[in-house]
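Colleague: pasting the structure only:
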């Protein structure tokens with residue numbers, strides 16, 4: 001995941017994209033990764049991978065470095081430059097195990113490097129680690145979405161509460177002004193006092209609602225469960 005990017009979360013089975021011009025290599029990788037809870041998608045060239053990537057929305061891509069046409073490094077560069085694909089986790093796959101190529105892959109956007117010929121346990125461990133990280137990041141994104149929605153709901157509630165308080169406050173201030181004028185008889189004063197009492201009661205209900213929401217959010221509300229007949233409800 002890039003520092004400024006966002007993860008495209010898939011709620012279904014994560015996709016592992018195998019990109020290699022060698023059919024045998026893709027078959028071996030698909031066999032090794034079969035125990036993982038993931039769907040395998042394949043491409044034979046970098047161009048094919050780029051044409052399929054938006055449709056498949058992979059969690060991980062195992063990307064061969066040396067392929068006909070554009071190389072794995074160039075595929076990675078194009079994916080990294082696109083906001084829709086820059087968060088795909090890329091593991092380079094190559095027989096080129098020298099330090100220079102490893103550094104080029106890791107600094108170019110890859111998170112790990114798998115060498116050929118494949119070591120089954122190493123492949124499974126490296127891919128599984130990245131898949132678990134993807135799942136954890138996806139869960140975090142989902143929790144953040146839920147939190148943002150709760151914040152929006154709270155803001156809407158507070159806005160309604162503010163509107164609910166504004167009217168009775170203005171009403172009470174106006175009625176108090178009439179009482180102070182001394183122009184009302186006893187009956188008129190009684191009527192105004194009752195109206196003020198009603199407005200203050202409405203304010204009290206709104207404030208109680210706000211306090212209940214606060215208690216629910218902080219977990220300090222004491223609940224008293226009681227049996228209830230469903231039918232009347």
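Modeller: Nice, I can see it. Keep in mind that what you see is a predicted model, and the values were worked out from it rather than measured. Numbers count the residues shown, from 1 in each chain.
Colleague: Spit out the contact partners of residue 38.
Modeller: Residue 38 sits next to 13, 14, 15, 16, 59, 60, 131 when contact means CB atoms under 8 Å, 6 or more residues apart in numbering. All C-beta atoms are positioned from the backbone trio N, CA, C, and that covers glycine.
Colleague: no wait, residue 110
Modeller: So, once contact is read as CB under 8 Å, 6+ apart, residue 110 ends up touching 63, 76, 90, 91, 92.
Colleague: Around the closest residue in space to the fourth one that isn't next to it in sequence, how many other residues sit close by?
Modeller: Among residues not flanking residue 91 along the chain, residue 112 sits closest, at 4.6 Å (CB to CB, 6 or more residues apart in numbering). Residues within reach of residue 112, counting by other CB atoms under 10 Å, total 18.
Colleague: what does residue 198 give?
Modeller: Neighbours around residue 198, by other CB under 10 Å: 13.
Colleague: Am I right that it is in a strand?
Modeller: No. Judged by DSSP: H, G, I helix; E, B strand; the rest coil, residue 198 forms no part of a strand; its state is helix.
Colleague: State the pLDDT value of it.
Modeller: Listed pLDDT for residue 198 reads 79.
Colleague: That one and residue 147: what is the separation?
Modeller: Residue 198 sits 38 Å away from residue 147, going by CB to CB, to the nearest Å.
Colleague: that older thread, need the contact list for the residue nearest to residue 91.
Modeller: Here residue 112 is in contact with 91, 92, 106, 126, 130 (CB under 8 Å, 6+ apart).
Colleague: among the contacts of residue 110, which two are most distant?
Modeller: For these, the maximum inter-member distance is 10.4 Å, found between 76 and 91 (CB to CB).
Colleague: Tell me where this protein has helices.
Modeller: For the chain, applying DSSP state H gives helices covering 23-32, 46-56, 72-81, 99-107, 120-181, 186-218.
Colleague: I'd like the ones you listed laid out as a markdown table, including distance to residue 232.
Modeller: Shown next, in a markdown table, are these (distance: least, CB to CB, whole Å):
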| stretch | distance to residue 232 |
| --- | --- |
| helix 23-32 | 59 |
| helix 46-56 | 53 |
| helix 72-81 | 59 |
| helix 99-107 | 66 |
| helix 120-181 | 28 |
| helix 186-218 | 24 |
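Colleague: Most neighbours among the contacts of residue 110, which one is it?
Modeller: residue 63 (29 neighbours).
Colleague: what's around the nearest residue to residue 171 once chain neighbours are set aside, how many residues?
Modeller: Nearest non-adjacent residue to residue 171, counting by CB to CB, 6+ apart: residue 199, 4.8 Å away. Neighbour count for residue 199, taken as other CB under 10 Å: 19.
Colleague: residues touching residue 199, list them.
Modeller: Going by CB under 8 Å, 6+ apart, residue 199 touches 168, 171, 172, 175.
Colleague: do that again at 6 Å, thanks
Modeller: Listed by CB atoms under 6 Å, 6 or more residues apart in numbering, the contact set of residue 199 reads 168, 171, 172.
Colleague: show me what contacts residue 92?
Modeller: So residue 92 contacts 63, 65, 105, 110, 113 (CB under 6 Å, 6+ apart).
Colleague: average model confidence for stretch 145-153?
Modeller: Here stretch 145-153 scores 85 as its mean pLDDT.
Colleague: where does the most far-flung residue of the chain relative to its centre land on pLDDT?
Modeller: Here the chain reaches farthest from its C-alpha mean at residue 185, the gap being 63.4 Å by CA atoms, centre = their mean. Residue 185 is assigned 70 on the pLDDT scale.
Colleague: Report the separation between the closest residue to residue 45 other than its chain neighbours and residue 75.
Modeller: Spatial nearest neighbour of residue 45, chain neighbours left out: residue 69 (5.2 Å); criterion: CB to CB, 6+ apart. Separation of residue 69 from residue 75 (CB to CB): 9 Å.
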